[in-house]
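Participant: Predicted model and sequence below, questions to follow.
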Amino acid sequence: MDKIAVVIPALREAQNLQFLLPRLGDALRSCGVPYEILVVDDDSRDGTAAVVRHAAVEEPGIRYLFREDERGLAGAILHGWQHTDAEILGVMDADLQHPPELLPRLLAEVLKGNDVVLGSRYAKKGDVGFWNPLRRVISGVAVWATWPLQRGGLRVQDPMSGYFLVRRRCVERVMFQQSGFKLLLEILVRGHINSVCEVPFAFGRRWAGTSKAGTKVACEYLQLLARLYAFRWSRKRTVEIAAGD
């Protein structure tokens, strides 16, 4: 049976992890497949290591990975994926805004043959939750900017989701941007993907701690967009030149 590994990037999320990890373990056990939970700690210094190791006493599938002098959500996810032999790779936030109970549904869609399955706030019956009007507008503009980048037949309504599963073969030998928050978008544009599925969910409230979003995250997103537009343009030119030959 295919093994699943779910990476939880953590930067000062100890208060949330003590509640998330038992729920996530229960959700994965209900799937009936081999699994790992990998918490990637970016040197939080808030007791994250102790929380994870305590949870691992009750849930042997939990592993703790430490990164020193490194930052970046995408980099933490990729670090976790590099330290597992699982065929199905996943990621979710540590702050309980992503309900772990949705994971069995996401995994079921992967096992049906989909390459990428994401928890979607914008699919029918999905919900962005308690966002204020300004955040809704900013998010909508950010999603709109991705539309020309996404491939026909593989477009999704929530390419910014941080809650998804992907088959390892789809991301192997792809050099992804280590900084930034939006790894899914780069996977959709540059990954070896033939099928994608969205599963709606309601985005929850952060349980504890503070959001890491800010000006730096916005700048990293703009850099990613520029990189991906350059990639799509160069790929289009290559196809046009090949067709001309």
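Facilitator: That came through, no problem.

Participant: The chain: strands as residue ranges?
Facilitator: Here the chain has its strands, by DSSP state E, at 4-10, 35-41, 62-66, 88-91, 116-120, 164-167, 196-200.

Participant: average pLDDT for the third one?
Facilitator: Strand 62-66 comes out with an average pLDDT of 96.

Participant: so what secondary structure elements neighbour that strand?
Facilitator: Contact here means 3 or more CB pairs under 8 Å, 6 or more residues apart in numbering; DSSP states H and E; on that basis strand 62-66 packs against strand 35-41, helix 48-58. C-betas here are computed from N, CA, C, even on glycine.

Participant: Looking at the ones you listed, which one is packed in the most?
Facilitator: Among the helices and strands packed on strand 62-66, strand 35-41 has the highest mean neighbour count (mean count of other CB atoms under 10 Å), at a mean of 25.

Participant: Next, the contact list for Leu185, please.
Facilitator: Applying CB atoms under 8 Å, 6 or more residues apart in numbering, one finds that Leu185 lies in contact with Thr146, Leu149, Pro159, Met160, Leu224, Leu228.

Participant: Which of those residues fall in helices?
Facilitator: Applying DSSP state H to the contacts of Leu185, the entries found in helices are Leu224, Leu228.

Participant: Could I get the strands of the chain in CSV, plus columns for distance to Trp131?
Facilitator: Formatted as CSV, those follow (distance: least, CB to CB, whole Å):
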stretch, distance to Trp131
strand 4-10, 21
strand 35-41, 26
strand 62-66, 31
strand 88-91, 21
strand 116-120, 15
strand 164-167, 20
strand 196-200, 16
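
Participant: what's the closest of these to Lys216?
Facilitator: With CB to CB, the closest approach to Lys216 among these belongs to strand 4-10: 15.5 Å.

Participant: Okay, now the sheet partners of that closest one, with direction.
Facilitator: Using DSSP bridges, the strands paired with strand 4-10 in its sheet are strand 35-41 (parallel), strand 88-91 (parallel).

Participant: can you tell me the average pLDDT over the first one?
Facilitator: Mean per-residue pLDDT for strand 35-41: 96.

Participant: contact partners of it?
Facilitator: For strand 35-41, the external contacting residues (CB under 8 Å, 6+ apart) are 3-11, 17, 21, 24-25, 28-29, 48-49, 52, 59, 61-67, 76-77, 79-80, 83-84, 86, 94.

Participant: Now with 7 Å, please.
Facilitator: Strand 35-41 is contacted from outside by 3-10, 17, 21, 24-25, 28, 48-49, 52, 61-67, 76, 79-80, 83-84, 86, using CB atoms under 7 Å, 6 or more residues apart in numbering.

Participant: same thing with the last one?
Facilitator: Judged by CB under 7 Å, 6+ apart, the contacts made with strand 88-91 from elsewhere in the structure are 2-7, 77, 81, 110, 162, 164-168.

Participant: Roughly how far does the residue nearest the centre of the chain sit from Pro9?
Facilitator: Geometric centre of the chain, nearest residue: Gly162, 3.7 Å, by CA atoms, centre = their mean. Distance from Gly162 to Pro9, counting by CB to CB, to the nearest Å: 9 Å.

Participant: With Ala74 instead?
Facilitator: Distance from Ala74 to Pro9, counting by CB to CB: 9 Å.

Participant: which sections of this protein are below the confidence cut-off?
Facilitator: With pLDDT under 70 as the threshold, the chain has low-confidence stretches at 180, 209-214, 235-245.

Participant: which residues of it fall in helices?
Facilitator: For the chain, the helices defined by DSSP H occupy 14-29, 48-58, 73-82, 103-111, 133-144, 183-190, 215-244.

Participant: Off-centre distance for the third one?
Facilitator: Put plainly, it is helix 73-82. 10 Å (CA atoms, centre = their mean, to the nearest Å).
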